[in-house]
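**Q** Just a sequence and a predicted model for now, questions to come.
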Amino acid sequence: MNARRIAVVGAGMAAARLAQQLHAHAGPTETVLYGAEPEVPYNRALLADALAGRHRIDSLALPIGGARVRTATEVVAVDVRGRTLTLADGSRETYDDLVLATGAEPVRPPLDGLADAAGSVHVLRSLADCARLARDAATAKRAVVIGGGVLGVGVAHALAARGLLVELVHQGPHLVERRLDSRAGAALRIALARLGVTVHSGERALSLDGGPGVTLESGRRLDADLVVLACGVRPRTGLARAAGLPVRRGVLIGDTLACAPHTYAVGDCAEHHTTPYALATTAWEQADVLAARLSGADPGARYTGSRPMSRLTAGPVEYAAFGACGDADEAGADVLRIGDATRGAYKKLVLRGDRIVGAVLVGDLATAGTLTRAYLSGRPVGPDPLSLLTAPPRVPSARAIEESRT
């Protein structure tokens, strides 16, 4: 029996997970990943940590099982009916099944002067971006980060850890407002302030000058040696659109993850029933389902959506959030809170009846694992839900007790 040839366009986190799971299922498949970047698949979610010096670049590589990776190989066209890929060098390759894992690209806001200041403006989406930003940060003193989402907070922490004076501009009402409530956002702001990061929330960047300076809508100008854009991402859909596949914000997929016969999409480029998730955990869940289907391990496996979960661990700036945990989600719910403003610590549990529907932890993630398991299980929380927010006292080991006596 000949192995089915699975062509994966993209070599990011979703592609690596798919390759690894196909290998684990040991199905009759030959998997080839086509990546435009010169590197083998790596953990993009840790780029800010690498910038901060918390991870070595060579530690970011991801396992891919028995797949073959074609690095620095761009796919420029897809013939879905003929099941053929056209590469940038003009060559063509055939496949049995195609998986689009083209990821997402940084959003560049329409700032006046952006083109003229391009040499001092950065994004952080690839290892090349990380290397360039680290190089320029080595001689910089001041930085402005535009965008206060997960990436913006991580980059601000990383640059502060490298000794730069950092100002973060965020047009939302508080940091990471798509994942956190206002009190959690305030706790994050305190944690950043302790590192010397100044946060300008409710402010919009209007223009850049050659300094490069950033002028805000309020008229204030922020001096900087470098500027980082962390304004979100948009799905990379150009290849799919040119191939005639269904595209809205992302490549449209259903529960089978198919967008056409023998054609699938996973990860940041995909839009499942009108929802583009752009989360690593979602990409992995989608890849797991598709691997089960394509390998034959579970041909009936279906992806029915993901529960929102988000986490940032950047030294003292850390949070975990899942479920319905925003300010607007509290109506009609029971809400338990613990906060310590002086430490930038905050915890919240949102309950409907005896079930957890959301939670936020900032500054202390000791109970994150327990909370996540309780949330995902859907089981009743028991008579003392507050205990889920408080870590049990650490019991010293027998050796520690003995050493304390000497």
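**A** Done, it's in. Numbering: from 1, shown residues only.
**Q** For the closest residue to Thr86 other than its chain neighbours, grab the count of nearby residues.
**A** Nearest residue to Thr86 in three dimensions, chain neighbours excluded: Ala77, at 4.0 Å (Cβ to Cβ, 6 or more residues apart in numbering). From N, CA and C alone the C-beta is placed, and that goes for glycine too. For Ala77, the neighbour count with other Cβ atoms under 10 Å is 13.
**Q** Could you pull up the residues touching Ala77?
**A** 85-86, 239, 242-243 (Cβ atoms under 8 Å, 6 or more residues apart in numbering).
**Q** next one: Asp129
**A** Asp129 is in contact with 47, 122-123, counting by Cβ under 8 Å, 6+ apart.
**Q** just checking, Ala128 touches Tyr42?
**A** No: taking contacts as Cβ atoms under 8 Å, Ala128 lies outside contact range of Tyr42: 11.4 Å.
**Q** would you say Ala158 is within a helix?
**A** Yes: with DSSP: H, G, I helix; E, B strand; the rest coil as the criterion, Ala158 is part of a helix.
**Q** I'd like the distance between it and Gly172.
**A** For Ala158, the distance to Gly172 (Cβ to Cβ, to the nearest Å) stands at 21 Å.
**Q** Gly353 now?
**A** Counting by Cβ to Cβ - Gly353 and Gly172 are separated by 31 Å.
**Q** higher neighbour count, those two?
**A** More crowded of Gly353 and Gly172, by other Cβ under 10 Å: Gly172, with 16 against 9.
**Q** one step back: tell me which element the residue nearest to Thr86 is part of?
**A** strand 75-79 (DSSP states H and E).
**Q** ditto for Val357
**A** Element membership for Val357, per DSSP H and E: strand 355-362.
**Q** what's the neighbour count on Thr372?
**A** With other Cβ under 10 Å as criterion, Thr372 counts 19.
**Q** which residues touch it?
**A** Going by Cβ under 8 Å, 6+ apart, Thr372 touches 309, 320, 322.
**Q** Return the subset of the residues you listed lying in strands.
**A** Within the contacts of Thr372, residues falling in strands by DSSP state E are 309, 320, 322.
**Q** Of the contacts of Asp129, which is the nearest to Val289?
**A** Leu47 (26.4 Å; Cβ to Cβ).
**Q** picking up where we left off before, of Ala128 and Tyr42, which one has the most company?
**A** Shown here are Ala128 and Tyr42; by other Cβ under 10 Å, Tyr42 has more neighbours (22 against 11).
**Q** what's the closest of the ones in strands among the contacts of Thr372 to Gly369?
**A** Of the ones in strands among the contacts of Thr372, the one sitting nearest to Gly369 (Cβ to Cβ) turns out to be Ala320, at 9.2 Å.
**Q** Return the distance of the closest one relative to Leu165.
**A** Taking Cβ to Cβ, one finds Ala320 at 28 Å from Leu165.
**Q** Touching stretch 247-260 from outside, list them.
**A** Contacting residues not belonging to stretch 247-260 are listed as 80, 100, 234-235, 237, 240-241, 245-246, 264-266, 268-274, 276, 286, 289-290, 293, 302-304 [Cβ under 8 Å, 6+ apart].
**Q** Need the buried ones from those residues selected in ChimeraX.
**A** In ChimeraX, this line selects whichever of these come out buried by 16 or more other Cβ atoms under 10 Å:
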select :80,100,234,235,237,240,245,264,265,266,268,269,270,271,272,276,286,289,290,293,303
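**Q** can you map out the strands along the stretch 301-406 of the chain?
**A** 309-314, 317-323, 334-340, 345-352, 355-362 (DSSP state E, counting those that start in this stretch).
**Q** The closest residue to Gly10 other than its chain neighbours: neighbour count?
**A** Residue nearest to Gly10 in three dimensions, not counting chain neighbours: Ala101, with 3.5 Å by Cβ to Cβ, 6+ apart. As a burial measure, Ala101 scores 32 neighbours (other Cβ under 10 Å).
**Q** Kindly report the same for the one 5 residues further on.
**A** Residues lying near Pro106 (other Cβ under 10 Å) number 18.
**Q** Find the nearest non-adjacent residue to it, please.
**A** That would be Val123: by Cβ to Cβ, 6+ apart, it lies 4.1 Å from Pro106.
**Q** which helices and strands does the helix or strand harbouring Arg293 pack with?
**A** Assigning secondary structure by DSSP H and E places Arg293 in helix 280-295. On a contact count with 3 or more Cβ pairs under 8 Å, 6 or more residues apart in numbering; DSSP states H and E, helix 280-295 meets helix 13-25.
**Q** Could I get the average pLDDT for the helix it packs on?
**A** Confidence for helix 13-25, expressed as mean pLDDT, is 97.
**Q** on that earlier part again, the residue nearest to Pro106 against Gly232, yeah?
**A** No: if you go by Cβ under 8 Å, Val123 and Gly232 don't touch, sitting 10.8 Å apart.
**Q** so what does the strand holding Val357 touch, helix or strand wise?
**A** If contacts are counted by 3+ Cβ pairs under 8 Å, 6+ apart, strand 355-362 sits against helix 182-193, strand 317-323, strand 345-352, helix 368-377.
**Q** What pairs with that strand, parallel or antiparallel?
**A** strand 317-323 (antiparallel), strand 345-352 (antiparallel) (DSSP bridges).
**Q** looking at those, which is closest to Gln21?
**A** strand 317-323 (23.1 Å).
**Q** Contacts for the closest one next, please.
**A** 153-154, 157, 176, 179-180, 184, 188, 191-192, 195, 307-312, 350, 356-363, 365, 368, 371-372, 375.
**Q** okay, now the domains of this protein?
**A** 4-104+233-295, 118-229, 324-389 (automatic domain parsing).
**Q** Could you dump those into a markdown table and include distance to Leu111?
**A** Shown next, in a markdown table, are those (distance: least, Cβ to Cβ, whole Å):
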| stretch | distance to Leu111 |
| --- | --- |
| domain 4-104+233-295 | 17 |
| domain 118-229 | 5 |
| domain 324-389 | 28 |
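**Q** Going by mean pLDDT, which of those comes out lowest?
**A** Minimum mean pLDDT among the domains of the chain: domain 324-389, a mean of 90.
**Q** mind checking the end-to-end distance for that domain?
**A** The separation between the terminal residues of domain 324-389, taken as Cα to Cα, to the nearest Å, is 16 Å.
**Q** Count residues in the vicinity of Thr71, would you?
**A** 14.
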